[in-house]
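In: Quick one, structure for this:
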Amino acid sequence: MVEKQFADILGLGTPELLLILVILLLLFGGSKLPQLSRSIGSSIKELRKGVRDDGKEQKTAQKTDNEA
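Out: Next up, the predicted model:
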């Protein structure tokens, strides 16, 4: 199975990503960007954890439904 990167899915190339980075730098400044990226990273981590936990709950529910 071929894994696609987020930028590939949106059709973004290197110039577009650099332009977005420059705009973010202008909007938030250099000191806020590390905080912003950490915050986004922790949000993605929590989202993945929630999706994984939800999948476990669904498997458990299916297992109990099959036993009943």
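In: does the one residue sitting closest to the centre of the chain sit in a helix or strand, and which one?
Out: Nearest to the mean C-alpha position of the chain, by CA atoms, centre = their mean, lies residue 44 at 4.1 Å. According to DSSP states H and E, residue 44 maps onto helix 33-67.
In: model confidence over that helix, on average?
Out: On average, the pLDDT along helix 33-67 is 82.
In: okay, now residue 33: neighbour count?
Out: 14 (other CB atoms under 10 Å). Just so you know, the C-beta spots here come from the backbone N, C-alpha and C atoms, and that holds for glycine as well.
In: Thought residue 24 was touching it, still the case?
Out: Yes: assessed by CB atoms under 8 Å, residue 33 is found in contact with residue 24 at 6.6 Å.
In: check contacts around residue 47.
Out: With contact set as CB atoms under 8 Å, 6 or more residues apart in numbering, residue 47 has no partners.
In: Just the pLDDT at residue 1, thanks.
Out: 47.
In: please begin residue numbering at 692 from this point
Out: With 692 as the first residue, the last one maps to residue 692.
In: Give the buried residues for the helix holding residue 735.
Out: By 16 or more other CB atoms under 10 Å, helix 724-758 has no buried positions at all.
In: Measure how far it is from the centre of its chain, please.
Out: With CA atoms, centre = their mean, to the nearest Å as the basis, helix 724-758 stands 11 Å off its chain's centre.
In: repeat for stretch 717-729
Out: 18 Å.
In: Pull the residues that contact it.
Out: 715, 716.
In: if we can go back for a sec, if I pick the residue nearest to the centre of the chain, what's in contact with it?
Out: Residue 735 neighbours (CB under 8 Å, 6+ apart): none.
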